[in-house]
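1. Structure for this input, please:
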Amino acid sequence: MLNVGIIYGGQSTEHDISILSSKYVIDNIDKNKYNVTEIYIDKKGNWKDNTSKKDIINTVEYLKQFNVIFPVLHGLYGEDGSLQGMLELIGIPYVGCGVLSSAICMDKVYAKIIFDRCKIKNAKSIFIKYISNNKYMYFDKEFNERIVTNDDLKSIINTELNYPIFVKPSNSGSSIGIQKVHEYNKLKEAIENAAKYDSKILIEEGIIGKEVEVAVLGNPELGIEVSNVGEICPIEEFYSYSSKYENSTNQTNVPADLTKEQSEKIKKIAKQLFIAIDGNGLSRIDFFVEDNTGEIYINEINTLPGLTNISMYPILMEQFGYIKTELINKLLHLAKAK
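-> Have a look, this model is predicted:
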């Protein structure tokens, strides 16, 4: 039997979601094929073997006993390439994308560079770094920088973007720290909220349309599978943290109410982007389909998507034919094969 370590918890703001996602893996992994150990990281960064109930003192030496690691850590240190880098150094196979793809996709600003390089439409945006409540570092499209004030920022947004806009911490997941802003007098509050999670902030023009997603499984060497397109119909104004994890009344349509041409184009773009980021294992790729034009816009790539009972990745994969245990088996196989 292979020894599999499932790592969950972590120091990020998505600690609690990680615990919920880990339950999906722990409950559905084939324990006749795998010897499973639960590895918990608390919010202070302390590691514990939750199977033996013992503290882990020497993390590197402890991890060497495993044939493969299944990280279920969302956000900082788990989804941004940090854990993946440590596992690479130790030489332990792990489920999911590698260091580079994890880091790029966790950072919304740099993910947009990949989207632009691939000539995939994405929402117009500007990028700032928060310095103080009336002082920001603004970066233009060529990454030239200059200090701006709130009045300067108002002028830049009025020139480059249309309301409503979304204010997003660049390195944060599960929609944490994101606010939708309809008018300038709410902007400062939204920026200060985003700055609690990351000093680097993306301000992005809102796309009025359907929110749709696909689940991706595989790698370029063994083949890439893309699920049918699913549509999120959030009861809130946008697909927020509470919509994703606290409210099971959101409607999901699988397949989404799209034309065949739109669905096929979304799946084609998803595969293209998964290859572009050097993806492996799994990702959930999110899009908008604009109401007025039917145009497709990439929103983001999640290299370690939520795996709760109401998360879209397992829902999409199950509809695609991968029932829970089969999906986990496939992910572990991909980890060993890369």
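
2. show me where pLDDT drops low in this structure?
-> 173-174, 235-250, 337-338 (pLDDT under 70).

3. Need the residues that contact the longest helix seen in it.
-> Longest helix in the chain, counting residues (DSSP state H): helix 260-276. Helix 260-276 is contacted from outside by 114-115, 117-118, 120, 212, 214, 216, 220, 224, 226, 228-229, 255-256, 258, 279, 283, 285, 287, 289, 294, 296, 298, 301, using Cβ atoms under 8 Å, 6 or more residues apart in numbering. Using the backbone N, CA and C atoms, a C-beta is placed for each residue, glycine as well.

4. Drop anything exposed from these.
-> By neighbour count, with 16 or more other Cβ atoms under 10 Å, these hold 114-115, 120, 212, 214, 216, 224, 226, 229, 256, 258, 279, 283, 285, 287, 289, 296, 298, 301 as buried.

5. And the longest helix of the chain, what's buried?
-> Gln262, Ser263, Lys265, Ile266, Lys267, Ile269, Ala270, Lys271, Leu273, Phe274, Ala276.

6. Need the CA coordinates for stretch 64-81. PDB is fine.
-> Only the C-alpha atoms of stretch 64-81 are listed here, as PDB (Å, rounded to 0.1, in the frame of the first residue of the first chain):
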ATOM      1  CA  LYS A  64      10.000  11.500   3.900                       C
ATOM      2  CA  GLN A  65       7.900   8.500   4.900                       C
ATOM      3  CA  PHE A  66       5.200   9.200   2.400                       C
ATOM      4  CA  ASN A  67       5.000   8.000  -1.200                       C
ATOM      5  CA  VAL A  68       2.800  10.900  -2.200                       C
ATOM      6  CA  ILE A  69       1.300  14.000  -0.500                       C
ATOM      7  CA  PHE A  70      -2.200  15.300  -1.200                       C
ATOM      8  CA  PRO A  71      -2.200  19.000  -0.300                       C
ATOM      9  CA  VAL A  72      -5.600  20.400   0.600                       C
ATOM     10  CA  LEU A  73      -4.300  23.800   1.600                       C
ATOM     11  CA  HIS A  74      -6.000  26.800   0.000                       C
ATOM     12  CA  GLY A  75      -4.400  30.200  -0.200                       C
ATOM     13  CA  LEU A  76      -1.100  31.500   1.400                       C
ATOM     14  CA  TYR A  77       1.700  28.900   1.700                       C
ATOM     15  CA  GLY A  78      -0.500  26.100   0.300                       C
ATOM     16  CA  GLU A  79      -1.800  27.200  -3.100                       C
ATOM     17  CA  ASP A  80       1.000  29.700  -3.900                       C
ATOM     18  CA  GLY A  81       3.800  27.400  -4.600                       C
END
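
7. If anything else comes up later, I'll come back, but that's it for now.
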